[in-house]
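**Q** Let me see the structure of the following:
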Amino acid sequence: MADFSFTVHIFKEGKTYVAYVPELDLSSCGATKSEASKNIQDAVRGFLETSAEMGTLDEILEEAGYRRVGKTWKPPEFVSFDHLTLSIR
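**A** Residues are numbered from 1 along each chain as shown. Predicted coordinates:
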């Protein structure tokens, strides 16, 4: 299998750390930041391996914004991360 690069957002919900990979819309959690990081790696690896076995990996990566360059997959280029605050009536 190839090497891939993903963005991981880690945030806290109560006493639990949540790790989220937006490119694949996958998340996992743990009691510590380190545990959440390890768990999201396991979740992403399992998702990629299962997708490859099912023959859907290329389609999933393309839908996530990845592009194939030779034998490698280039991730989408994120140019900004912002916080948005809105008021609604």
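**Q** okay, CA-based contacts and neighbour counts for the rest of this
**A** Will do.
**Q** Helices along this protein, start to end?
**A** Taking DSSP state H as the criterion, the chain carries its helices at 33-54, 57-63.
**Q** Now do stretch 9-20: distance from first to last residue.
**A** Counting by CA to CA, to the nearest Å, you get 5 Å between the two ends of stretch 9-20.
**Q** Would you mind checking the average pLDDT for it?
**A** What stretch 9-20 shows for mean pLDDT is 98.
**Q** can you check stretch 41-54 too?
**A** 97.
**Q** quick one: buried residues of that stretch?
**A** 41, 43-44, 48, 51 (16 or more other CA atoms under 10 Å).
**Q** before we move on, the earlier item: format the helices of the chain as TSV; extra columns: distance to Val21.
**A** What follows is the helices of the chain, written out as TSV (distance: least, CA to CA, whole Å):
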stretch	distance to Val21
helix 33-54	8
helix 57-63	13
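**Q** Quick one: closest of these to Leu26.
**A** helix 33-54 (7.3 Å; CA to CA).
**Q** Which strands or helices does the closest one pack on?
**A** If contacts are counted by 3 or more CA pairs under 8 Å, 6 or more residues apart in numbering; DSSP states H and E, helix 33-54 sits against strand 9-13, strand 16-21, strand 26-30, helix 57-63.
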